[in-house]
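1. What would the 3D arrangement of this be:
(chains A and B, ligands or ions: 2)
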Amino acid sequence: MLRTTLAGLRMHKARLVTTALAIALGVMFVTGTQVFGDTLEEGYSTKVLGAADEYAAVAIPAWDEGAPADPEAPAPVLPADTLEQVRDLPEVAAAGGMTRGDAPLLDKDGRAVGSVPTIGMSVGPDTRFQPAEGSLPEGSGEVALATTSADATGYGVGDIVTVLDSEDERHEFTVSGLIDFGVDRELSYRGVVAFDEDTTREMTGAEGYSEIDARAAEGVTDAEVVRAVEGVTGSDTHVETGDAYGDRLAAAAGGDTQVLTVGLMLFALISVFVAAIVIYNTFAILVAQRQREMALLRCVGSARGQVFLSVLTEALVVGLVASAVGVAVGVGTGWAGFAFGGEALGADASQPLVVGVLPVVVGMTVGTVMALGAALLPAWRATRVPPLAALRTSATAQGLEKGIGWVRITVGAVLFLISGGIVFAATDGDRTGPTGMVLTTVAGLVCFVGVVVLSPLLVRAVVAAVSPAMRRIGVASMLAADNSRRSPKRAATAMIALTVGATLITGYAVVSASLKTTMDERLAEQFPADYRISASLDDPDAVVPQSAVDALEESDAIGTVVERRRTSTESDDASGDLAVRSYIGATLGEDIKSDAVSGSLTDMGPGKVAVSEEYAGGREAGDVLPLATEDGEQEYEIAAVLKDGGGMGGVTLAPQDFEKAFPDVDGAAGVLVDGAEDASAQQVRDAVYDAVADAPKVGVSSMAEMRAQFDDMLNIAFLAIAAMLGLAIIIAVFGIANTMALSVLERTRESAMLRALGLTRGQLRRMLSIEAVVLCLIGAGVGILLGIVFGWAAGTTALESMVFTLPVAQIAVFIGVAVAAGLLASVLPGRKAAGASITGALASE
Amino acid sequence: MSQTAAVAAPDDGTQAPPVVIARSLSKVYGVDDSAVRALDGVSVEFARGHYTAIMGPSGSGKSTLMHCLAGLDTASSGTVHLGRTDITRLNDRQLTQLRRDRIGFIFQSFNLLPMLTAEQNILLPAQIAKRKVDRERFERLIDVVGLRDRLDHLPSKLSGGQQQRVAVARALLGAPEVVYADEPTGNLDSRSGAGVLSFLRDSARDMGQTIVMVTHDPMAASYADRVIFLRDGQLVDEVHAPTAETVSDRLLKLES
Ligand SMILES: Nc1ncnc2c1ncn2[C@@H]1O[C@H](COP(=O)(O)OP(=O)(O)OP(=O)(O)O)[C@@H](O)[C@H]1O
Ligand SMILES: [Mg+2]
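-> Numbers count the residues shown, from 1 in each chain, chains lettered A, B, ... in the order given. Ligands and ions are numbered 1, 2, ... in the order given. This next block holds a predicted model:
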């Protein structure tokens, strides 16, 4: 029996190539992800170790894990004399200290980079850090920048940069080199300006050391150095070996790697799932086509079990071979992924490829099990073939009977109802957050099963609906319409594979587009101006200098200037401080808007307040709100109760009232600026930047830039996800091509006859193309519909008050891709069909 | 149709002009040692309105001859004329057009597209050629072949004989210059076979349809006006106004 199976395999080699390809692609993704993840993790480790393991001991101020971080308290440091003491230890050969403080780096516009000041840090002799480019700074005129700071500002080695000292005085430096802090997330995120030690102290005003690194003297173990250092530093210092320190950093970075790997793996599983559908379909078709062969085997005395095993053996062989190919290619993909992405993710690019046993085993297992699992049902069906089928004429005419399939309809309808119910429950009311997301996912899965159950009827119904139009177009599309209806089950399965990818990508597109509109609306609400100028974040009492406000008001390019003053006071109604604000120069309800639960912002005026729901204590518009002020407790009439989550949490007072209630607050925490109507965007920008030129730490953000940044982020995320899902879609297209190829094989005689009757090769090819395109369009169409529904549901549950937006352009692209995929899928089958010799095909049986 | 202007046909014993003329037709499959001479210098003519049967032992080249005459296959040497067209010089596209517009086919089996109804199958060539259907001829044909109440059936719901009659109706609907049939009754019992054969004979007689049919069955051949015999790719004999007996005799002689 095994020999028969293998002989069969050899004969059907060509038919199994696409199947094998589908398996291989899925396995490739799985193995590639693992190899990439492992290599990345290893790359982090080598990088950290390369830096830290030369040091016997690393001493840093002890941190209290449980305590809440207090941003105002100065970071704990090691006293300056500790370094001398460490250096004097007999166990220590050399030691270096690291001083750290704030050193705001200015970008090319003269503004401080980021919302948190750049870190100023010393890289003296014996530093752990080595430059990625250029050299470490020497003397008072040089700095080295973190690569992330260089990326953010566009500065490179040799450029002159401006850095503020602790008194906000500007100092100029030449960039001597760039340092890659990849693994250390805080340093990478905030950015670093590295000086030599003396300059660091001068610039940042920092005292002591935030880290002391010691090298061991000859013949002393790391543990001994640690113990000796602990002896001089005391209990409020955390001392560990360089290895341990490096491991800790690498583990933190490795955590990121794991998140990345899990995310990638999720997409890999989607690909595997789609591949499984494709394989199932191939085996189902092969078994159907070989019905007579199977029956003949049964006629000559094979037992059911043998037939079953022969199909499974075939699946096993294909699965093993394809998995091996997939694993090999996956290792290559993992390597390519690391080569292109590793550096950007902050890992050591020279890290050699890490190929563990696990990825290979997992890849082989996933591929083989997938192939076997997908072949189970077809194999079982093969055993149901009665020996008598050998005597029947042909299997090609099957599937033409047009039973309605009430069972299918009922089951499908019930599943849709259940799914709809869950979606309703998930999106109704306030069940947002994780529960809502889980419910939506469950609903999506239930609905998908419903689609699977109904799909053959769906294919038939859709084709029946469009075939009158297709008949009119021409003979090729007429034949295509009829062909599409021939085996709805296999067409449906081929299509479903595409539906998976189309649903996910459309769903994501809907979420992304809705997110964008929602964010735009919120931005417009919370940021109702062209520019927002805000006091620097590192000091809660900081204000925008009055000179800047005055300059803005005088400028011709500026239309309106709204000062936002802010303070906080005690509140009995809600826990913690109550924010109190006032807008000077704004008409509330017009310049500044927020959704009201009761009353209206336009009713605001002296003696009145707007309060957010959270602090309203159940009061409504017209009620009286007591407020603790510097002027004693005051009572105000509530003009509006505002929805929580808007930009105006807490209490908003009229300017006159605010001034009376909080006379100490005499500066604006923020200023909202609108350009004058006749000023160009550049003029407005220049005016704004000129006004704050003397206050580099004051933050300037532009609505347009924020929007662009946000859009960029969404676009990148969309492209990344589209790329990940792309593989699943490619596999599905393989599946459709395979289905087409198998159908063409089955219809060899028919094609020959059509050609004999005068159908040109082109028409024959076109017939197949249209058939494949119809199939792809149905698959994509169903996926797009599902994606829209569940994208909406997911968005609604994930994001409060989401504004649903249909990404029309993207959906149009998806439809275009579906058409292209259909055309592509039919290329090879079409060539085969059109290239076959008529007489040869007629002679074949 | 004026038959007077026609060139006198040399030796087919009739006055009708030839529609199909093959000259020294040869077909070689394979190369060198493994070469098979399926046709070896066959020259033959088929006159308008004549019903000709091709017979011969298995492997004698009947199907090959028919395929070359119909432009389904290309000959290795020699020429085939359909009317004034030398079909051996046509490219694939032109051949497709020729088959579409000027030739009808009936095969032994799998003649019909399974997803089309009987009527759709009959109308298919017209649709491929974007030809207007002669409704009158269509009505007459389906009455003669007795398919009126079966037009909406899919082939799988028709008997073998009915399927062949659908194929015949399809081949004749466009009034092609010649109809080729390769063992059209090979899969039928003698009664359904007789129905198809007499219909072919009638259409040759009454509608002036030229028909060339390959068959193994002397009974089937006796419906034809003329039988030609092939052996080893060569034309070896020919019988006019055949009966089943004369054909059987000749065949026996051939195979001995
Ligand atoms: N594609 C081919 N390649 C090689 N040889 C072929 C091919 N087709 C036919 N032949 C050979 O050509 C010869 C004639 O074949 P053909 O099919 O014309 O015979 P036939 O008279 O129709 O036989 P049958 O009565 O069995 O149908 C045979 O010897 C056959 O083996
Ligand atoms: Mg033959």
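2. need the contact list for B:Leu188.
-> Counting by CB atoms under 8 Å, 6 or more residues apart in numbering or on different chains, B:Leu188 touches B:Gly160, B:Gly161, B:Gln164, B:Val196. Yep, even glycine has a C-beta here, placed from its N, CA and C like the rest.
3. one more time with 6 Å, if that's ok
-> B:Leu188 sits next to B:Gly160, B:Gly161 when contact means CB atoms under 6 Å, 6 or more residues apart in numbering or on different chains.
4. and it, how far is that from A:Ala476?
-> Separation of B:Leu188 from A:Ala476 (CB to CB, to the nearest Å) stands at 32 Å.
5. same check, this time on B:Val178
-> B:Val178 is 27 Å from A:Ala476, where distance means CB to CB.
6. what's the answer for A:Asn483, then?
-> 10 Å.
7. how deep is the nearest residue to B:Leu25 once chain neighbours are set aside tucked in, by neighbour count?
-> Spatial nearest neighbour of B:Leu25, excluding adjacent residues (CB to CB, 6 or more residues apart in numbering or on different chains): B:Gly78 at 3.8 Å. Neighbours of B:Gly78 under the rule other CB atoms under 10 Å in any protein chain shown: 17.
8. State the helix or strand in which B:Gly78 lies.
-> Here B:Gly78 sits within strand B:77-82, counting by DSSP states H and E.
9. and that strand, how far out from the chain's middle?
-> 16 Å (CA atoms, centre = their mean, to the nearest Å).
10. what packs against that strand?
-> Packing partners of strand B:77-82 (3 or more CB pairs under 6 Å, 6 or more residues apart in numbering or on different chains; DSSP states H and E): strand B:18-29.
11. which other helices and strands contact the helix or strand containing A:Leu417?
-> Assigned by DSSP H and E, A:Leu417 belongs to helix A:406-427. Judged by 3+ CB pairs under 6 Å, 6+ apart, the packing partners of helix A:406-427 are helix A:434-473, helix A:761-798.
12. Confidence-wise, which of those helices is weakest overall?
-> Mean pLDDT is lowest for helix A:434-473 out of those, coming in at a mean of 84.
13. Identify each buried residue in it, please.
-> A:436-437, A:439-441, A:443-444, A:446-460, A:462-463, A:466-467, A:470-471 (16 or more other CB atoms under 10 Å in any protein chain shown).
14. returning to that earlier point: out of the helices and strands packed on helix A:406-427, nearest to ligand 1?
-> Checking these against ligand 1 by CB to the nearest ligand atom gives helix A:761-798 as the closest, at 19.6 Å.
15. what comes up buried for that closest one?
-> For helix A:761-798, burial by neighbour count (16+ other CB under 10 Å) applies to A:761, A:763-784, A:786-798.
16. for it, packing partners?
-> When contacts are defined as 3+ CB pairs under 6 Å, 6+ apart, helix A:761-798 packs onto helix A:406-427, helix A:434-473, helix A:475-484, helix A:488-526, helix A:703-746, helix A:808-825, helix A:827-835.
17. Next, the angle helix A:827-835 makes with it.
-> Counting by axes from the mean of the first three to the mean of the last three CA atoms, to 10 degrees, helix A:761-798 lies at 160 degrees to helix A:827-835.
18. So which residue is dead centre in chain A?
-> A:Ala717 (4.7 Å; CA atoms, centre = their mean).
19. Tell me the spacing between that residue and ligand 1.
-> A:Ala717 sits 58 Å away from ligand 1, going by CB to the nearest ligand atom, to the nearest Å.
20. and the longest helix for the chain?
-> Since no chain was named, I'll use chain A. As assigned by DSSP state H, the longest helix anywhere in chain A is helix A:242-289.
21. Hmm, no, I was thinking of chain B.
-> Longest helix of chain B, by residue count under DSSP H: helix B:190-207.
22. Which other helices and strands does the next helix-or-strand element following that helix contact?
-> Using DSSP H and E, the helix or strand that directly follows helix B:190-207 along the chain is strand B:211-214. Strand B:211-214 sits against strand B:51-55, strand B:178-182, with contacts defined as 3+ CB pairs under 6 Å, 6+ apart.
23. can I get these in CSV with distance to A:Glu750?
-> Compiled in CSV, the helices and strands packed on strand B:211-214 are given as follows (distance: least, CB to CB, whole Å):
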stretch, distance to A:Glu750
strand B:51-55, 25
strand B:178-182, 16
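24. so which of those strands gets nearest A:Ala834?
-> Closest of the helices and strands packed on strand B:211-214 to A:Ala834 is strand B:178-182, at 22.4 Å (criterion: CB to CB).
25. Tell me which residues are up against stretch A:503-521.
-> A:710, A:714, A:718, A:721, A:725, A:783-784, A:786-788, A:790-791, A:794-795, A:802-805, A:807, A:810.
26. and if you look at stretch B:124-139?
-> With contact meaning CB under 6 Å, 6+ apart, stretch B:124-139 is reached by A:Val475, A:Leu757, A:Gly758, A:Leu759, B:Arg100, B:Asp101, B:Gly174.
27. and which of the residues you listed is nearest to ligand 1?
-> Among these, A:Leu757 lies closest to ligand 1 (CB to the nearest ligand atom), at 20.6 Å.
28. how much space between that closest one and chain B?
-> 5 Å (CB to the nearest CB, to the nearest Å).
29. In the stretch 51-200 of chain A, mark out all the helices, start to finish.
-> Using DSSP state H, counting those that start in this stretch, the helices of the stretch 51-200 of chain A run over residues A:80-88, A:147-153, A:185-190, A:197-204.
30. how about the shortest one as PDB, C-alpha atoms only?
-> The one in question is helix A:185-190. The C-alpha coordinates for helix A:185-190 follow below in PDB (Å, rounded to 0.1, in the frame of the first residue of the first chain):
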ATOM      1  CA  ARG A 185      15.300  52.500  27.500                       C
ATOM      2  CA  GLU A 186      15.400  55.600  29.600                       C
ATOM      3  CA  LEU A 187      18.600  56.900  28.000                       C
ATOM      4  CA  SER A 188      17.300  56.100  24.500                       C
ATOM      5  CA  TYR A 189      13.900  57.600  25.000                       C
ATOM      6  CA  ARG A 190      15.000  60.900  26.700                       C
END
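31. before we move on, the earlier item: and the helix holding A:Leu417, C-alpha only, in PDB?
-> Coordinates of each C-alpha in helix A:406-427 appear next as PDB, following Å, rounded to 0.1, in the frame of the first residue of the first chain:
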ATOM      1  CA  TRP A 406     -31.700  24.100   4.800                       C
ATOM      2  CA  VAL A 407     -29.500  22.700   7.500                       C
ATOM      3  CA  ARG A 408     -26.700  25.000   6.400                       C
ATOM      4  CA  ILE A 409     -29.000  28.000   6.300                       C
ATOM      5  CA  THR A 410     -30.400  27.300   9.700                       C
ATOM      6  CA  VAL A 411     -27.000  26.700  11.300                       C
ATOM      7  CA  GLY A 412     -25.500  29.700   9.600                       C
ATOM      8  CA  ALA A 413     -28.400  31.900  10.600                       C
ATOM      9  CA  VAL A 414     -28.300  30.800  14.200                       C
ATOM     10  CA  LEU A 415     -24.500  31.500  14.300                       C
ATOM     11  CA  PHE A 416     -25.100  34.900  12.800                       C
ATOM     12  CA  LEU A 417     -27.800  35.700  15.400                       C
ATOM     13  CA  ILE A 418     -25.500  34.600  18.200                       C
ATOM     14  CA  SER A 419     -22.700  36.600  16.800                       C
ATOM     15  CA  GLY A 420     -24.900  39.600  16.400                       C
ATOM     16  CA  GLY A 421     -26.200  39.200  19.900                       C
ATOM     17  CA  ILE A 422     -22.700  39.200  21.300                       C
ATOM     18  CA  VAL A 423     -21.700  42.200  19.300                       C
ATOM     19  CA  PHE A 424     -24.700  44.000  20.600                       C
ATOM     20  CA  ALA A 425     -23.900  43.100  24.100                       C
ATOM     21  CA  ALA A 426     -20.300  44.200  23.600                       C
ATOM     22  CA  THR A 427     -21.000  47.500  22.100                       C
END
